[in-house]
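**Student:** how would this look folded up:
(2 chains)
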Amino acid sequence: MKKLLLITAVIGALGAVPLISQASPEDDLKAFQGYFTERFPNVPLEEFANGVYAIDKASREQWEAIEEFPPYEIAIEEGEEMFNTPFKNGKTYASCFRNGGIGIKSDYPYYDIEKGRVETLASAINECRTKNGEAPLKYMKGELASLVAYMAYTTRGQIVDIKIPFDQRARDAYEDGKRFFYARRGQLNMSCAHCHVDNAGNKIRADLLSPALGHLTHFPVYRSKWGSLGTAHRRFSGCNKQVRALPFKAQSPEYRNLEYFMTYMSNGLPWNGPGARK
Amino acid sequence: MRKSASSTLAAAGTLALMLGSLAIAPQAALATEASVVEEGKAIAFDRKKGNCLACHKMKDGTLEGNIGPALVNMADRYPDKKRLREQIWDATRINPYTIMPPYGKHKILTEEELDKVVEFIYTR
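**Tutor:** This next block holds a predicted model:
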């Protein structure tokens, strides 16, 4: 018992590291983007929103052909219809969001000071539903992904500008996401950064590894491998499984914080969802 | 009926003899390096086992990745075969930042599978 108390005290002390001792998110952002612009000197910053298609000509040609008849188009239409269909109480999604829900994907993720957690568009959609007496939707794919696709579509062209407020809990959420990104996990002992920072542009077997810069600008994504549309958290889950780690649940604090960190790292890039990927 | 019973017995006897010789075979096989190397190759190329080609170019490989160095002249690069085994067992001991999975430490391969992979890689 004494030992347990001691451990709790140590963890408590670690948790209370003051703001000043952490590298600022602004410094992280500069270093992160600087790394990629140096690694790929011929790729303009905004192009990183296009993933591997920004760095490989052959893949880009195939992708541009796919984009002529985008596989996510039906999902956008389905999402728009859902968006405009009133709930049983007569209200619509528009009632829950700024600007009637048009062009507001750029508001997410943000740190909600009142709730004390990172709020994502997907979780806000389900909160809107439950507030209006509707059952929440599943987070990985299906109807919710289509709704997010439509809302992403109306946000296209805006610039990613995520804020990390000067609030200890917000900074902690950011730091938690950052730690997740750089931490080894799973039987294969790999971090997100191992593949998508250190080896971005290298090949894993015949597949090119995409740069982490721009990863969160274009979700949800129609992935040929899935044969359907999926949310960012579905992709996180798949990545975790690939390194033989137990995935977290969609909208778990771990994935929310990871989304917060990774989206912030793409500040300055255009929002360009939904996307099509291999 | 009687005849078929006796032929079944005879077949069983032959099978037992064959199984017996198979049981002795592994020791003989370990001595003949060629088959161990072949087994090691199968494990190394298996996507669910070594999956070495995901990152390393090497002779007989196809569509290899380029995350790790090409595996060539391995016997020259590792005069001490034990060092090569250690590297595959846990590469983080030499380079704490490596992306290479610790095949032995994390039990991705059994110790026996790892031995065979070492024999194979040593021929590259």
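**Student:** so where is the stretch 1-150 of chain A shaky, pLDDT-wise?
**Tutor:** A:1-22 (pLDDT under 70).
**Student:** list the contacts of whichever residue of it sits closest to chain B.
**Tutor:** Nearest residue of the stretch 1-150 of chain A to chain B: A:Asp56, at 13.4 Å (CB to the nearest CB). Glycine gets a C-beta too; all of them are placed from N, C-alpha and C. By CB atoms under 8 Å, 6 or more residues apart in numbering or on different chains, A:Asp56 lies in contact with A:201, A:208.
**Student:** now it: phi and psi?
**Tutor:** With angles defined as degrees, to the nearest 10, A:Asp56 sits at phi -140, psi 120.
**Student:** how much space between it and A:Gly230?
**Tutor:** Distance, A:Asp56 to A:Gly230, by CB to CB, to the nearest Å: 22 Å.
**Student:** cool, A:Glu67 as well?
**Tutor:** Applying CB to CB, the value for A:Glu67 to A:Gly230 is 18 Å.
**Student:** buried residues in stretch B:93-106?
**Tutor:** Neighbour counts over stretch B:93-106 (16 or more other CB atoms under 10 Å in any protein chain shown) mark B:98-104 as buried.
**Student:** okay, now the domains of the chain?
**Tutor:** Let's take chain A. What automatic domain parsing lists as the domains of chain A is A:23-70+A:162-277, A:73-153.
**Student:** could you do chain B instead?
**Tutor:** Domains of chain B are assigned by automatic domain parsing as B:1-31, B:33-121.
**Student:** reformat those domains as TSV; add distance to A:Gly186 and mean pLDDT.
**Tutor:** Rendered in TSV, the data for the domains of chain B read as follows (distance: least, CB to CB, whole Å; pLDDT from 0 to 100):
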stretch	distance to A:Gly186	mean pLDDT
domain B:1-31	33	49
domain B:33-121	9	97
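**Student:** any chance of the domains of chain A in CSV, plus distance to B:Glu39?
**Tutor:** Shown next, in CSV, are the domains of chain A (distance: least, CB to CB, whole Å):
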stretch, distance to B:Glu39
domain A:23-70+A:162-277, 22
domain A:73-153, 40
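**Student:** wait, which of those domains is closest to B:Val117?
**Tutor:** The closest of these to B:Val117 is domain A:23-70+A:162-277. By CB to CB, the value is 15.9 Å.
**Student:** so how far is the closest one from its chain's centroid?
**Tutor:** Counting by CA atoms, centre = their mean, to the nearest Å, domain A:23-70+A:162-277 is centred 7 Å from the centre of its parent chain.
**Student:** now do the same end-to-end measure for that domain.
**Tutor:** Length of domain A:23-70+A:162-277, first residue to last, CA to CA, to the nearest Å: 33 Å.
**Student:** likewise stretch A:211-228?
**Tutor:** 23 Å.
**Student:** and which of the buried residues of stretch B:93-106 is nearest to A:Leu216?
**Tutor:** For the buried residues of stretch B:93-106, the residue nearest A:Leu216 by CB to CB is B:Ile99; the value is 22.3 Å.
**Student:** between which two of the buried residues of stretch B:93-106 is the distance greatest?
**Tutor:** B:Ile99 and B:Gly104 (16.5 Å).
**Student:** for chain B, what are the nearby residues on the stretch 101-250 of chain A?
**Tutor:** Contact residues (CB under 8 Å from any CB of the partner chain) of the stretch 101-250 of chain A with chain B: A:187-190, A:194-195, A:198-199, A:202-207.
**Student:** let's see it at 10 Å
**Tutor:** Residues of the stretch 101-250 of chain A lying close to chain B by CB under 10 Å from any CB of the partner chain are A:184, A:186-191, A:193-195, A:198-199, A:201-209, A:243-244.
**Student:** which residue comes closest to B:Lys107 once chain neighbours are left out?
**Tutor:** A:Gln187 (7.7 Å; CB to CB, 6 or more residues apart in numbering or on different chains).
**Student:** wait, the one you found sits on A:Ala245?
**Tutor:** Yes - under the criterion of CB atoms under 10 Å, A:Gln187 makes contact with A:Ala245 at 7.4 Å.
**Student:** these two - which one has more neighbours?
**Tutor:** A:Ala245 (17 against 14; other CB atoms under 10 Å in any protein chain shown).
**Student:** dump the residue contacts of that one.
**Tutor:** Contacts here follow CB atoms under 10 Å, 6 or more residues apart in numbering or on different chains; on that basis A:Ala245 touches A:184-190, A:237, A:239.
**Student:** could you do B:Trp89 as well?
**Tutor:** Contact analysis of B:Trp89 by CB under 10 Å, 6+ apart lists B:82, B:102-106, B:109, B:111, B:114, B:118.
**Student:** cool, and A:Leu246?
**Tutor:** Going by CB under 10 Å, 6+ apart, A:Leu246 touches A:185-186, A:237, A:240.
**Student:** identify, from those residues, the entry nearest to chain B.
**Tutor:** Relative to chain B, and with distances defined as CB to the nearest CB, the nearest of the contacts of A:Leu246 is A:Gly186, at 8.7 Å.
**Student:** could you report the neighbour count for that closest one?
**Tutor:** Neighbour count for A:Gly186, taken as other CB under 10 Å: 18.
**Student:** state the helix or strand in which the residue nearest in space to the middle of chain B lies.
**Tutor:** Chain B has B:Gly40 as the residue nearest its centroid, 2.3 Å off, counting by CA atoms, centre = their mean. In this structure, B:Gly40 sits in helix B:33-45 according to DSSP states H and E.
**Student:** how far away from the center of its chain is that helix?
**Tutor:** Put simply, helix B:33-45 sits 5 Å off its chain's centre (CA atoms, centre = their mean).
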